[in-house]
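Participant: Sequence and predicted structure, then a few things I'm wondering about:
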Amino acid sequence: MPRPKKTQNRHPVDRLYDIREQIKLLQAEEKTLRDDIIDSGDTKGDQYVAMVKSSTRNLLDRPALEKRFGRDAVAECTKASEVTTLSLYRKAEQIDVFK
């Protein structure tokens with residue numbers, strides 16, 4: 001059984017949710033600033049200078065590969081990697097049925 005760990009006033013799961021929400025807000029602000037810099041071409045700040053670079057990325061199209069070479073042939077050239085994810089969900093509101 002997992003042992004409860006409270007290091008602050010909020011449970012670590014709740015803090016993780018808070019942090020992820022802050023990250024979302026910061027990422028939205030980052031995208032807005034990035035787009036503004038690229039669109040305006042104004043790349044010189046008071047302390048920093050931005051360099052805009054364009055490049056082309058080549059990605060494999062798995063469905064096209066499977067269509068051309070077959071699913072089994074493509075599967076032979078793939079490798080599995082283990083990934084651990086941690087998803088957060090809001091708890092259902094507790095209803096006091098004995099009120």
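Facilitator: Yes, it's here.

Participant: what separates stretch 36-47 from the chain centre, distance-wise?
Facilitator: Relative to its parent chain, stretch 36-47 has a centroid offset of 26 Å by CA atoms, centre = their mean, to the nearest Å.

Participant: count of residues packed around residue 69?
Facilitator: 12 (other CB atoms under 10 Å). C-beta here means a position set from N, CA and C on the backbone, and glycine is covered the same way.

Participant: Look at residue 9 and report its pLDDT.
Facilitator: Looking at residue 9, its pLDDT is 86.

Participant: mind checking the SS state of it?
Facilitator: coil (DSSP: H, G, I helix; E, B strand; the rest coil).

Participant: Can you pull out the low-pLDDT segments for this structure?
Facilitator: Low-confidence segments of the chain (pLDDT under 70): 1-8, 93-99.

Participant: What segments of it are strands?
Facilitator: For the chain, strands defined by DSSP state E do not occur.

Participant: for it, longest helix please?
Facilitator: Longest helix in the chain by number of residues, with DSSP state H as the criterion: helix 12-40.

Participant: Give me the distance from it to the chain's centre.
Facilitator: Chain-centre distance of helix 12-40: 11 Å, with CA atoms, centre = their mean.

Participant: Please report the distance of residue 12 from residue 18.
Facilitator: 10 Å (CB to CB, to the nearest Å).

Participant: What of residue 38?
Facilitator: Look at residue 38 and residue 18: by CB to CB, they are 31 Å apart.

Participant: and what of residue 57?
Facilitator: 34 Å.

Participant: Quick check: chain neighbours aside, which residue is closest to residue 52?
Facilitator: Distances taken as CB to CB, 6 or more residues apart in numbering place residue 38 nearest to residue 52, at 5.9 Å, with adjacent residues excluded.

Participant: right, I mislabeled it, should have said residue 10
Facilitator: Leaving aside its chain neighbours, residue 10 sits nearest to residue 18 (7.3 Å; criterion: CB to CB, 6+ apart).

Participant: same question, residue 51
Facilitator: Using CB to CB, 6+ apart, the nearest residue to residue 51 is residue 43, at 7.0 Å.
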